[in-house]
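Chemist: Pasting a predicted model and its sequence here:
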Amino acid sequence: LRFDRGQGWHTPRIEPYGPFSLDPAALVLHYAQEIFEGLKAFRRSDGSIALFRPRDNFARFNRSAERMCMPQLDIDFCMTALRQLLELEKEWVPHSHGTSLYIRPTMIATEPVLGVKPADQYLFYIILSPVAAYYKGGVNPVRIWVSDDYVRVAPGGTGEAKTGGNYASSLYASALAAQKGYDQVLWLDGVQRKYIEEVGSMNICFVYDGKVVTSPLTGSILDGITRRSVLALVRDMGYAVEERALSIDEVLDGAENGRLQEAFGTGTAAVVSPVGELTYRDRTVRLGQGQAGKLTMELYDRLTGIQYGRLPDLHNWIELL
Ligand code: PMP
């Protein structure tokens, strides 16, 4: 789908996957005017295909578009386009347990200009890719390295938008963490470098004194759809939820004195992932002795139960194809 200022969105089409041409001066290549989304389609045991909260993804896409000076898309149009695409490509939604079809809507600025300004031309496209089960034979708790030399975003920046620049700014610390043998980086706030923000591609929650504590939506973390869903499930189960600033010291002390019982990440790709280890400067704490926590696994089962149709969809999160 293409956009020209003055004309609006035009020329919708479905094409086989492959390279497309772009002017070498396209604004996206210089100034990173780009946004994307990530959602999944699940194959159920009766063969039907379920989308999980797709409208919430497109609503977030529009919020990212606004922050990045990009045009809005009509959510009903996006849903129709996605349904048509999936109807054609249904065979790509894998059948085996725990697998899904990952859906990546993307918008890029295509206008060829050298000056810094919002583009007058855009391309919107959706790519699909089958993905394997996140847990390949047993749960694998993630090892996390806390960065305070580097920050991903700062207040007033683009942290809340799902835009490539946020990921570009996180590459260096992520590569350092990988070199040291860690799976992901946990980012602290960009001002005091003290309060928990989020992990590379997940929001993070802690079970602290029996309550579920997670960072508030301050504008610098992604408003994760899995985060929202998991917090709703946690409340359904009767647990208290606290969205509050939580310092890295509180987390490490809690892990050492037993007040922090579990930590888990939430995300479309990661689903609900146990955190097994956290390192901050010269301090390392381990959680759960290589096992996922009880609440972590319960939330994983409940969320995937709704996605794959084993459990009733009490919150109306599912749209069947
Ligand atoms: N934070 C970041 C930086 C992410 O990239 C993601 C993955 N989209 C998340 C959190 C989790 O968001 P969601 O649950 O909507 O996938």
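Modeler: Done, it's in. Predicted, not measured: the structure shown is a model, and the values here were computed from it. Residues are numbered from 1 along each chain as shown.

Chemist: Could you give the bridge partners of the nearest residue to Val131 once chain neighbours are set aside?
Modeler: Nearest residue to Val131, sequence neighbours excluded (CB to CB, 6 or more residues apart in numbering): Tyr102, at 4.6 Å. No exception for glycine: its C-beta is placed from N, CA and C like everyone else's. In this entry, Tyr102 is beta-bridged to Lys40, Ser129, by DSSP bridges.

Chemist: likewise the one 4 residues further on?
Modeler: For Thr106, the beta-bridge partners are Phe36, Tyr125 (DSSP bridges).

Chemist: and the stretch 151-300 of the chain, which of its residues are near the ligand?
Modeler: Contact residues, the stretch 151-300 of the chain versus the ligand (CB under 6 Å from any ligand atom): 198, 201-203, 222, 224-227, 266-268.

Chemist: Filter those residues down to just the ones in strands.
Modeler: The strands, defined by DSSP state E, take in 198, 203, 266-267 from these.

Chemist: returning to that earlier point: closest one to Ala41 out of the residues of the stretch 151-300 of the chain next to the ligand, please.
Modeler: Distance to Ala41, by CB to CB, is smallest for Thr268 among those, at 11.3 Å.

Chemist: Surely that closest one and Ile225 touch.
Modeler: Yes: between Thr268 and Ile225 there is a contact at 6.9 Å, judged by CB atoms under 8 Å.

Chemist: Mutual contacts of these two, please.
Modeler: By CB atoms under 8 Å, 6 or more residues apart in numbering, Thr268 and Ile225 have these common neighbours: Leu39.

Chemist: What is the burial count for the closest residue to Met202 other than its chain neighbours?
Modeler: Leaving aside its sequence neighbours, Met202 sits nearest to Gly265 (CB to CB, 6+ apart; 3.2 Å). Using other CB atoms under 10 Å, Gly265 has 29 neighbouring residues.

Chemist: which strand residues sit across from Gly265 in the sheet?
Modeler: If you apply DSSP bridges, the partners that Gly265 bridges to are Ile204, Ser273.

Chemist: Am I right that it is in contact with Ser273?
Modeler: Yes: assessed by CB under 8 Å, Gly265 is found in contact with Ser273 at 4.5 Å.

Chemist: per-residue confidence at Tyr134?
Modeler: Here, the pLDDT recorded for Tyr134 equals 72.

Chemist: quick one: it is in a strand?
Modeler: No: Tyr134: not assigned to a strand; according to DSSP: H, G, I helix; E, B strand; the rest coil it is coil.

Chemist: Identify the residues contacting the nearest residue to Thr226 once chain neighbours are set aside.
Modeler: Among residues not flanking Thr226 along the chain, Thr266 sits closest, at 4.0 Å (CB to CB, 6+ apart). Thr266 is in contact with 202-205, 224, 226-227, 229-230, 272-273, counting by CB under 8 Å, 6+ apart.

Chemist: re the thing from before, OK, contacts around the residue nearest to Met202?
Modeler: Gly265 makes contact with 142, 184, 199, 202-205, 272-273, 275, according to CB under 8 Å, 6+ apart.

Chemist: can you list the domain ranges for the chain.
Modeler: Here the domain parsing of the chain from automatic domain parsing is 2-131, 142-307.

Chemist: Would you mind stating the distance between the residue nearest to Ile75 when sequence neighbours are not counted and Val131?
Modeler: In space, and not counting its chain neighbours, Ile75 is closest to Phe58: 4.6 Å by CB to CB, 6+ apart. Distance from Phe58 to Val131, counting by CB to CB, to the nearest Å: 20 Å.

Chemist: and those two? which has more neighbours close in?
Modeler: Neighbours were counted for Phe58 and for Val131 using other CB under 10 Å; Phe58 has more, 20 against 14.

Chemist: So the more buried one belongs to a helix, correct?
Modeler: Yes: Phe58: assigned to a helix according to three-state DSSP.

Chemist: low-scoring stretches of the stretch 1-150 of the chain, by residue?
Modeler: Along the stretch 1-150 of the chain, segments meeting pLDDT under 70 span 135-139.

Chemist: How many neighbouring residues does whichever residue of it sits closest to the ligand have?
Modeler: Ranking the residues of the stretch 1-150 of the chain by distance to the ligand (CB to the nearest ligand atom) places Gly38 first, at 4.9 Å. By other CB under 10 Å, the residues close to Gly38 number 16.

Chemist: Quick check: chain neighbours aside, which residue is closest to it?
Modeler: Distance criterion CB to CB, 6+ apart; nearest residue to Gly38, sequence neighbours excluded, is Thr268 at 4.9 Å.
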